[in-house]
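Novice: Got a predicted structure here, sequence first:
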Amino acid sequence: MERYIEKGGRRLRLGYTTGSCAAAAAKAAAWMLLTGKQKENISIQTPKGIFLNLEVKEISIGKGCVSCAVEKDSGDDPDVTNKMLVFASVSYKENSGISIDGGQGIGRVTKPGLDQPVGSAAINSVPRRMIQENVEEICRLADYYGGLSVVISVPGGEEIAQKTFNPRLGIVGGISILGTTGIVEPMSDGALIDTIRTELNQRRALGAEYVLLTPGNYGCGFICDTLKLSPERAVMTSNFIGDALDTCKELGFKGALLVGHIGKMVKLAGGMFNTHSQYGDCRMEILTAQAALCGIRPEKAAEVMEAAVCDDALRVLWEEGIFKETMERLTQRIAYYLHIRAGTDMEIGTAFFSKGYGLLGKTENMEFFIDKIKE
């Protein structure tokens with residue numbers, strides 16, 4: 001049964017992730033292997049609690065092995081993986097337990113700092129757990145206690161991956177199997193900006209003169225744990241930081257404090273106010289430039305430039321002894337562009353952090369903003 005959400009007055013259809021496809025295909029293949037019967041539809045429960053009943057395609061039954069596929073459906077979300085077939089091959093193995101690996105079209109991790117360790121198939125932890133749990137469910141139903149091997153593959157995945165940031169992240173040879181909820185919620189730019197505007201307008205109508213902004217859930221956790229503010233005080237901007245600041249000015253806010261993870265905030269130091277990866281990825285270029293101004297050695301600058309994620313780049317800065325001064329320069333550059341966007345009629349402050357290193361930088365007026373927001 002199709003499901004929809006309302007965003008900005010539009011009715012948008014939900015889809016399901018590559019992780020859900022992989023789990024469903026693995027479950028169906030395990031069922032056919034252990035029962036000897038063909039399966040044309042399979043049901044799974046996603047981590048979000050939504051049940052999916054999915055069509056099983058491209059069934060191939062061999063000696064001791066079954067392969068089948070589930071087609072990715074992105075709903076109303078534009079996605080290069082839409083309509084892609086995600087295959088699972090399930091076979092018997094000598095050792096007990098369930099092994100999960102990637103085959104054709106599934107990327108391999110070559111850089112540290114990602115969800116999976118170097119050398120592993122780019123099947124993230126939540127999809128891995130979904131595959132594991134669904135195959136275990138079939139084993140229990142079939143009263144089977146031996147071992148099974150699950151191999152996920154996507155024909156054409158290497159070509160599809162070239163349209164993503166996988167090569168930049170150090171994931172080579174194919175796509176990633178992703179998803180934390182199992183469900184794809186459509187991202188309509190206009191609808192999201194309308195939602196941000198609506199929430200800001202409500203805050204202003206209730207008399208708020210200062211507002212707390214954050215791009216996403218990572219920021220909410222930091223706001224609660226470090227700033228000791230309720231995450232409910234924050235307005236979520238998603239990638240639309242520039243649009244949110246423009247709306248704050250338009251509505252007459254006296255000031256805005258922007259708090260976020262370095263992965264998005266570092267892009268502001270290059271004047272990039274829509275931080276979605278489809279518009280570019282200048283994170284390592286900016287970090288390398290700031291580190292160069294602080295005297296990083298050329299070979300270590302190259303290491304920062306090739307880092308897959310910001311925490312890995314920060315590790316290099318820490319080891320080089322230029323962590324503090326680089327973060328200070330980065331803070332100044334972020335503040336510079338924020339002031340340009342905010343203009344002279346609205347005060348602006350910022351703080352940014354990483355999961356591995358905590359608070360990385362803040363403007364001097366951060367505590368002032370916290371006091372004003374608490375009021």
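Specialist: That came in fine, so what should we check first? Numbering: from 1, shown residues only.
Novice: now the strands for the stretch 201-350 of the chain?
Specialist: Counting by DSSP state E, counting those that start in this stretch, the stretch 201-350 of the chain has these strands, from start to end: 210-214, 234-236, 255-261, 347-354.
Novice: tell me the mean pLDDT over the first one?
Specialist: This means strand 210-214. Taken as a whole, strand 210-214 carries a mean pLDDT of 96.
Novice: shouldn't residue 234 be in contact with residue 214?
Specialist: Yes. At 4.6 Å, residue 234 counts as touching residue 214 under the criterion of C-beta atoms under 8 Å. Every residue, glycine included, has its C-beta placed from N, CA and C.
Novice: thinking again about what came up before, same list, the strands of the stretch 201-350 of the chain, but as JSON lines with distance to residue 32 and mean neighbour count please.
Specialist: Formatted as JSON lines, the strands of the stretch 201-350 of the chain follow (distance: least, C-beta to C-beta, whole Å; neighbours: other C-beta atoms under 10 Å):
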{"stretch": "strand 210-214", "distance to residue 32": "46", "mean neighbour count": "25"}
{"stretch": "strand 234-236", "distance to residue 32": "43", "mean neighbour count": "21"}
{"stretch": "strand 255-261", "distance to residue 32": "43", "mean neighbour count": "25"}
{"stretch": "strand 347-354", "distance to residue 32": "45", "mean neighbour count": "23"}
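Novice: weakest of those strands in terms of mean pLDDT?
Specialist: Lowest mean pLDDT within these: strand 234-236, at a mean of 91.
Novice: Quick one: distance of that one to the chain centre.
Specialist: The chain centroid and the centroid of strand 234-236 are separated by 18 Å, computed with C-alpha atoms, centre = their mean, to the nearest Å.
Novice: Any chance of a markdown table for the strands of the stretch 201-350 of the chain, columns distance to residue 270?
Specialist: Listed next are the strands of the stretch 201-350 of the chain as a markdown table, based on distance: least, C-beta to C-beta, whole Å:
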| stretch | distance to residue 270 |
| --- | --- |
| strand 210-214 | 19 |
| strand 234-236 | 22 |
| strand 255-261 | 15 |
| strand 347-354 | 14 |
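Novice: closest to residue 374 out of the ones you listed?
Specialist: Nearest of these to residue 374, taken as C-beta to C-beta: strand 210-214 at 9.7 Å.
Novice: Give me the contact list for that closest one.
Specialist: Here strand 210-214 makes contact (C-beta atoms under 8 Å, 6 or more residues apart in numbering) with 200, 203, 220, 223, 229, 233-237, 241, 244-245, 248, 253-260, 369, 372-373, 375.
Novice: Same question for stretch 192-207.
Specialist: 7-9, 211, 235-238, 240, 243-244, 247-248, 251-253.
Novice: got the buried residues for that stretch?
Specialist: Within stretch 192-207, the residues scored as buried using 16 or more other C-beta atoms under 10 Å are 192, 193, 195, 196, 197, 199, 200, 203, 204.
Novice: quick one: the last one from residue 311, how far?
Specialist: Read that as residue 204. 36 Å (C-beta to C-beta, to the nearest Å).
Novice: Give me the neighbour count for the closest residue to residue 280 other than its chain neighbours.
Specialist: Leaving aside its sequence neighbours, residue 280 sits nearest to residue 272 (C-beta to C-beta, 6 or more residues apart in numbering; 6.5 Å). Residue 272: 21 surrounding residues under other C-beta atoms under 10 Å.
Novice: Could you tell me which residues make contact with residue 272?
Specialist: Neighbours of residue 272 in contact, by C-beta under 8 Å, 6+ apart: 279, 280, 282.
Novice: again, 10 Å this time
Specialist: By C-beta atoms under 10 Å, 6 or more residues apart in numbering, the contact list for residue 272 reads 239, 241, 242, 264, 266, 279, 280, 281, 282, 283, 286, 337.
Novice: Please pick the buried ones from these.
Specialist: Neighbour counting by 16+ other C-beta under 10 Å classes 239, 241, 242, 264, 266, 281, 282, 283, 286, 337 among the contacts of residue 272 as buried.
Novice: Using pLDDT, spot the least trustworthy of these.
Specialist: Within the set of those, pLDDT is lowest for residue 281 (88).
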